[in-house]
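S.K.: prediction below, plus the sequence it came from.
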Amino acid sequence: MSSVQQPVILVIDSDPISLLGLAATLHSEKFEVHCAQDRAAAIQAARSQSLDLILCDVDLDGASGVDVVLEINNLPDRSDVPAMFISGNQMADVVSRRFRNGSALFLRRPFPPKLLIDLVDKALWMPHLVKSHINRPHIPLGRNEGAASAAGLSVPHAEIRR
């Protein structure tokens, strides 16, 4: 059995069928998935779980999924959790105005499961790479060159210093 910890994803969607479909798709790819149907459940899950990604519907039965994610990001030790929003509406500009620093992705329904998994993989890869180099500044960036090349990125041979 592997000791590698799987990424933890919080899925927030007020529609139980959609929530089940998203969770099943992510679980089939070996992600650890926690589900919430409303703001209160999402906040409780975010307080009790170490999260790697939030996947949230923009419309939570009239409540704003964007506002729920902002509230989660204001919790202690949750400010750097990346977010991905989903919606059946073309509301990408609403999300981009709220997340001006580019910390959110938007996925419009309907979408194929493979696209969801591809975007989740991309959303999870970058924050962990950056955080690992900040936390271990003695490790040269060039060591991850293979992973970066596979993702189509260029990584310089340099060390990060504080």
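M.R.: Yep, that arrived.

S.K.: could you list the low-pLDDT ranges of this protein?
M.R.: Residues of the chain that meet the criterion pLDDT under 70 lie in 1-4, 90-104, 126-162.

S.K.: after the helix or strand where His34 lies, heading C-terminal, what element do we hit next?
M.R.: Secondary structure from DSSP states H and E places His34 in strand 32-36. Downstream of strand 32-36, the first helix or strand assigned by DSSP H and E is helix 39-48.

S.K.: check what contacts that following helix and list those residues.
M.R.: With contact meaning CB atoms under 8 Å, 6 or more residues apart in numbering, helix 39-48 is reached by 10, 12, 34-36, 54, 56, 60, 63, 68, 71-72, 75, 78, 81. All C-beta spots, glycine's among them, are computed from the backbone N, C-alpha and C.

S.K.: could I have the buried ones of the residues you listed as PyMOL selection syntax?
M.R.: The buried residues among the contacts of helix 39-48 can be selected in PyMOL (16 or more other CB atoms under 10 Å) with this line:
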select buried, resi 10+12+34+35+36+54+56+60+68+72+78+81
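
S.K.: A helix includes Ile86, no?
M.R.: No. Assignment of Ile86 by DSSP: H, G, I helix; E, B strand; the rest coil gives strand, placing it outside any helix.

S.K.: that one pairs with what?
M.R.: Taking DSSP bridges as the rule, Ile86 bridges to Asp57, Leu107.

S.K.: what is the burial count for it?
M.R.: 23 (other CB atoms under 10 Å).

S.K.: so it touches Leu55, yeah?
M.R.: Yes. The pair Ile86 and Leu55 qualifies as a contact (CB atoms under 8 Å) at a distance of 6.8 Å.

S.K.: common neighbours of the two, please.
M.R.: Leu22.

S.K.: just give the closest residue to Pro113, not the sequence neighbours.
M.R.: Distances taken as CB to CB, 6 or more residues apart in numbering put Thr25 closest to Pro113, at 4.6 Å, once the chain neighbours are dropped.

S.K.: helix/strand/coil for Asn89?
M.R.: coil.

S.K.: which ones are touching it?
M.R.: Going by CB under 8 Å, 6+ apart, the list of residues near Asn89 reads 58-59, 108.

S.K.: buried subset of those residues, written for ChimeraX?
M.R.: Applying 16+ other CB under 10 Å to the contacts of Asn89, the buried members can be selected in ChimeraX as follows:
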select :58,59
